[in-house]
Structures are given as structure tokens and as C-alpha cells.
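# kindly return the folded structure for what I paste below:
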Amino acid sequence: MESISKSKTVVLLVNLGTPNQPTEEQVRVYLREFLSDKDVIRLPRIFWLPLLHLIILRTRPKKSAELYKKVWTEWGSPLLYNTFLQAGLLRKRLSDDFIIDVAMRYGKPSIQGKMEQYYKLGFNHILFFPMFPQYSTTTTRSIANKISNVIDKQKIFQNPESISMIKDFHDNESYINASVSHIKSFQTVHGMPEKLLLSFHGIPKSYVAEDEPYQTQCIKTAQLIADKLGILEDKYEIVFQSRFGKAEWIQPYLAERLEKLPSEGIKNIQVYCPGFSSDCLETIEEIGEESHDLFMESGGTGYKFIPCLNGDSNFIDSLESIIRNYKDNKMNFRDLL
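Sure thing, here's the model as predicted:
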């Protein structure tokens, strides 16, 4: 084990996170960690924390737990299952040179737990691979901050060369090609829509004004996908989903466009989420069901949700290529802090 430890790089596929169980108690634990993250919620703590603990954590967990129960699998949440699926498929291809494992930014398996595990086993290098194609301070930088926190508190992996990170892959050709192939395969079975909506997770507009390249990268990804699909500008739209709270977020909002499209003569659409590498509660529930109902109630006649890439073989090819060539794209995680 010792010789292997020094010759192999540990690759941690890191996704957002998941509660341990679809119960009100476990969802509360998960949301407490998630919504306490200063990279996610940038409101002054003196205002935000009382609101979080006195209102949100007393009301939201019950509703969220019911939604998780609807999508829960025998292997856990869909996001956890799909991330482990990707890791398993990559392990079959990369086991000679890499150790492939999974960590979650919030919940388990935790970043701290995995770092401690591999440090005790004697591994010298971890490559963190956030499963977010587009870089955001709310996701990838949050991971970098967590890594820094673990190193400083646990006094592990203190050599600057011990930790590397892949910042993003929003314009990676193999990722774009995988998305295009995936969409085409879906449309071969389900037909062509009048319009394709490329939906990304939203963030507050104020974040973009500070130090956030996320919106620009989302637009670049969408344009590359549309170009490869060969569709004209009036046949697709870029939208942003999952708005939370009253603050202005980056636009256009998915919900508003779903309400307006039928009145504009667009009644048959498909929605694809290029920023999600794995299906999760948001894609399955919000995009697959809630958005479907909103569009149909607004006068639409056809709505299809194109699943995320998950274990798509072309996407696994893409992830494999990025990992094998990580030295060309890696960065010091502290550069993101």
C-alpha cells in the first residue's frame, strides 16, 4: 500500500451534497451546513443567521424531506447515486494510475473525512474534481475554502504540491460533444422541439458584479452546444432556474419564460441542464415536474426534460480525458481563495 500511495493520485469527484436520509431531521442537518456557507449566502451574519435558524430551518426541512422521499433510491439520493456511478465507471478505466473516489461539499462522504482517510493511508496527492462544469464562487470556491479549512485545522496535506484542483470545464470540447450527442440521442427518440431551453442554476446578480465568471461561462457553454447542434438563435434560449429569496438573480428566469412562451407561439419545448453533471432533486423535481406543470398550465402542449449526463459513456470519456490530462489544467486551490 505504501508504494502505491506514493505513485497514485487520489481523484475526488466532488458534488454539492445530500442529506443522509430523506427525513426532516437529516434534511435540517444538511440545510444548516449548506445555508451557513458564506460563499453561498453573503448576507451579513447578524441578519442571516437568525433568519436561518428561527424560520428557514424550522419550516423548510419538512417540505424538502417530502420531496427527497419521492426521488430517494436504495443507494441514497439520486445525486449521490449518480456521482458514485460516475466514479465506478471511471475506476474501471483509470485504476492503474489513479484512485477514484467521491466526496460531497455538504453531507457525507465529506471532504474532511476523505482527506483524513487518504492522509492516514499515506497518499501524497489529491486532485479535487468539482463536478460543476461552470466555475462559481458559490460552488468551486466553496470547495477550495473547505479544503483550506481542513488543512489548517487538521494539519494534513500541508505541502503546497499535495492538493490540486480542476477549476472548470465549461468549454472543454469533449464535454460539449458529450452534451450534444446526449441531446441528439434524446431527440431521436422524442422528436424535435420548437425550442430548446438550456437551463443553468441561478445565482444572485450581485455576485456577478463582484468576482463571478459564472454567467459568462454558462453563456459560452450554451453557445458551444447550440453551435454543435446546428440550431439557430431563435431555436434555443439560455435561462436560469432555482431562484431563492427576493433579491434579483441573473436572468432570464426559467419560470417566467415557461409562463410566457406559449403566448409567444412556442408550445412544444425541451429543457436540458448543462451545468448539472448528475440528476438530483432540483433537476428531477423542479425541472422534470414543477416546470412541466407550469408550462402546460400556461398553454403549452409538449414538454420534455432531457436527463443529465449521469453515466453517459461519452461523458465518462470526457471526465477520463480531463483526469488523464489534469496536469495541463490543474491549479493551486489557494488561488481561488
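# next up, phi/psi of residue 278, please.
When read as degrees, to the nearest 10, the backbone of residue 278 gives phi -140, psi 140.
# state the distance from residue 238 to residue 199.
Plainly put, residue 238 is 8 Å away from residue 199 if you go by C-beta to C-beta, to the nearest Å. From N, CA and C alone the C-beta is placed, and that goes for glycine too.
# give me the more crowded residue out of these two.
For residue 238 and residue 199, the more surrounded residue by other C-beta atoms under 10 Å is residue 199, and the numbers stand at 27 against 21.
# residue contacts, residue 217?
For residue 217, the residues meeting the contact criterion (C-beta atoms under 8 Å, 6 or more residues apart in numbering) are 133, 134, 135, 168, 170, 171.
# buried only: go through those for me.
The neighbour-count test (16 or more other C-beta atoms under 10 Å) marks 133, 134, 135, 168, 170 as buried among those.
# what about the stretch 101-250 of the chain, any weak spots by pLDDT?
When the per-residue scores of the stretch 101-250 of the chain are filtered using pLDDT under 70, no range remains.
# and the residue lying closest to residue 267 once chain neighbours are set aside, how close does it get to residue 162?
Closest residue in space to residue 267, ignoring its immediate chain neighbours: residue 301 at 4.5 Å, by C-beta to C-beta, 6 or more residues apart in numbering. Distance, residue 301 to residue 162, by C-beta to C-beta: 56 Å.
# between those two, who's got more neighbours?
For residue 301 and residue 162, the more surrounded residue by other C-beta under 10 Å is residue 162, and the numbers stand at 15 against 11.
# so that one touches residue 128, yeah?
No - at 11.2 Å, residue 162 and residue 128 do not qualify as touching, with contact defined as C-beta atoms under 8 Å.
# show me where the protein has strands.
9-18, 98-107, 126-130, 163-166, 195-201, 236-241, 268-272, 302-306, 330-331 (DSSP state E).
# let me have those strands in JSON lines, adding distance to residue 54 as columns.
As requested, these are arranged in JSON lines below (distance: least, C-beta to C-beta, whole Å):
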{"stretch": "strand 9-18", "distance to residue 54": "23"}
{"stretch": "strand 98-107", "distance to residue 54": "21"}
{"stretch": "strand 126-130", "distance to residue 54": "32"}
{"stretch": "strand 163-166", "distance to residue 54": "36"}
{"stretch": "strand 195-201", "distance to residue 54": "27"}
{"stretch": "strand 236-241", "distance to residue 54": "28"}
{"stretch": "strand 268-272", "distance to residue 54": "36"}
{"stretch": "strand 302-306", "distance to residue 54": "36"}
{"stretch": "strand 330-331", "distance to residue 54": "40"}
